[in-house]
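A.B. asks: Output the structure for:
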Amino acid sequence: MRNIFAFIFLGFGCLSCSKNDTASPSAIDYNQYKIKTATHSLRNYSGTTSSISFDTTLYVYDGTTCKYTRKQNNNTVEYIATLSNGLYTQVSYVNGVLSSQKVYYQLNAAGYIDSNWITNNTTVAQSSKNHYNADGSLATAISYYQTYTNRVQYNYKNGIANYAHSQRIAHIPSITNASDSVVYEYTNLPYRAGFYSTGLPVSFTGKPAKNLLQKTTYYDKLNNNAIRQTIEYQYQTNEIGLVTRRVLNIHTQPGNALVQTDTTAYTYYGK
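C.D. replies: Numbering: from 1, shown residues only. This is a model prediction of the structure:
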């Protein structure tokens, strides 16, 4: 199920193997650095066995048009997102063949994604709606699927998201409801520029956190607030603080069983 590993918000980021994390000159304009490549591996663990998959995404920017090509196994998918009147329309080509799926991103006046929907042969398959605080930080993110709805509401302290309430609201009996308190802990590494593996740049999803995430802990509100899952983050950065490698490890609780390791290496235009 899509949200077994709950909501991993990349826009927000264990201790780093980083180079100098505070020496970046304040005069650097980090807006000039955009993701060029994201080389990604995903390892899933089951008992004493594991499986791994790999993919690589190349980004190309042409004005407001964002193009990215994702290669995995023997498949190549090219995505092209074009902006017109505040609406990004994304089409995709699978091994050169136009897909019937389209993705739409409606921007608000601040340039953040207000709503998003995915169609297959013009039929809406899923959608989402974002709400923002006055400072541009993400307040609420709601995702609508055919059989359930996910809703995440963020709480901020001193401008930093310190926890959230994450809910899964079932629409059919075979889907169970879920309700988590999600606590965020941060490294001392400053957030410099957006890094991501696929999709539009994270700058479209609101004002980013000041620092990179270190740990996310999920407390099950429907089970006496027992810890259900933890996600721990590790980073490597270059000499000016751009993230060049991010690793996240997902553990289920109790038992601290490692179920997934997600690793991405990044390169940037301008570096």
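A.B. asks: Give me the below-cutoff pLDDT ranges for this structure.
C.D. replies: Applying pLDDT under 70 to the chain flags the ranges 1-26.
A.B. asks: please redo it, this time with the cut-off set to 80
C.D. replies: Residues of the chain that meet the criterion pLDDT under 80 lie in 1-26, 197-199.
A.B. asks: Return the distance of stretch 63-75 from the chain's centre.
C.D. replies: Distance, stretch centre to chain centre, for stretch 63-75: 17 Å (C-alpha atoms, centre = their mean, to the nearest Å).
A.B. asks: Please look at Thr252 and Val259 and confirm they touch.
C.D. replies: Yes - contact criterion C-beta atoms under 8 Å: Thr252 and Val259 qualify, at 5.5 Å. No exception for glycine: its C-beta is placed from N, CA and C like everyone else's.
A.B. asks: Report the separation between Asn130 and Ser115.
C.D. replies: To Ser115, Asn130 is 7 Å away according to C-beta to C-beta, to the nearest Å.
A.B. asks: So for those two, which residue has more residues nearby?
C.D. replies: Set side by side, Asn130 and Ser115 show more neighbours around Asn130, with 21 against 15, by other C-beta atoms under 10 Å.
A.B. asks: wait, is the more buried one part of a strand?
C.D. replies: Yes - Asn130: assigned to a strand according to DSSP: H, G, I helix; E, B strand; the rest coil.
A.B. asks: before we move on, which element is the closest residue to Asp220 other than its chain neighbours in?
C.D. replies: Counting by C-beta to C-beta, 6 or more residues apart in numbering, the nearest residue to Asp220 once its immediate chain neighbours are dropped is Arg228, at 4.3 Å. Taking DSSP states H and E as the criterion, Arg228 maps to strand 226-237.
A.B. asks: and the helix or strand that that strand is followed by, which strands flank it?
C.D. replies: As assigned by DSSP H and E, the chain's next helix or strand after strand 226-237 is strand 243-252. Strand 243-252 has its sheet partners listed here by DSSP bridges as strand 226-237 (antiparallel), strand 257-269 (antiparallel).
A.B. asks: Could you list the buried residues of the first one?
C.D. replies: Neighbour-count burial for strand 226-237, counted by 16 or more other C-beta atoms under 10 Å, picks out Ile227, Arg228, Gln229, Thr230, Ile231, Glu232, Tyr233, Gln234, Tyr235, Gln236, Thr237.
A.B. asks: now for these, which pair is the farthest apart?
C.D. replies: Pairwise distances across those (C-beta to C-beta) peak at 30.4 Å, for the pair Arg228 and Thr237.
A.B. asks: sec struct for Asn224, please.
C.D. replies: coil.
A.B. asks: count of neighbours near it?
C.D. replies: Around Asn224 there are 7 residues (other C-beta under 10 Å).
A.B. asks: How much space separates it from Ser127?
C.D. replies: 33 Å.
A.B. asks: and what of Ser51?
C.D. replies: Applying C-beta to C-beta to Ser51 and Ser127 gives a distance of 31 Å.
A.B. asks: Equivalent analysis for Asn108, please.
C.D. replies: Distance of Asn108 to Ser127, given as C-beta to C-beta: 16 Å.
A.B. asks: Same list (the strands paired with strand 243-252) but as a markdown table, adding distance to Arg246.
C.D. replies: Shown next, in a markdown table, are these (distance: least, C-beta to C-beta, whole Å):
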| stretch | distance to Arg246 |
| --- | --- |
| strand 226-237 | 6 |
| strand 257-269 | 5 |
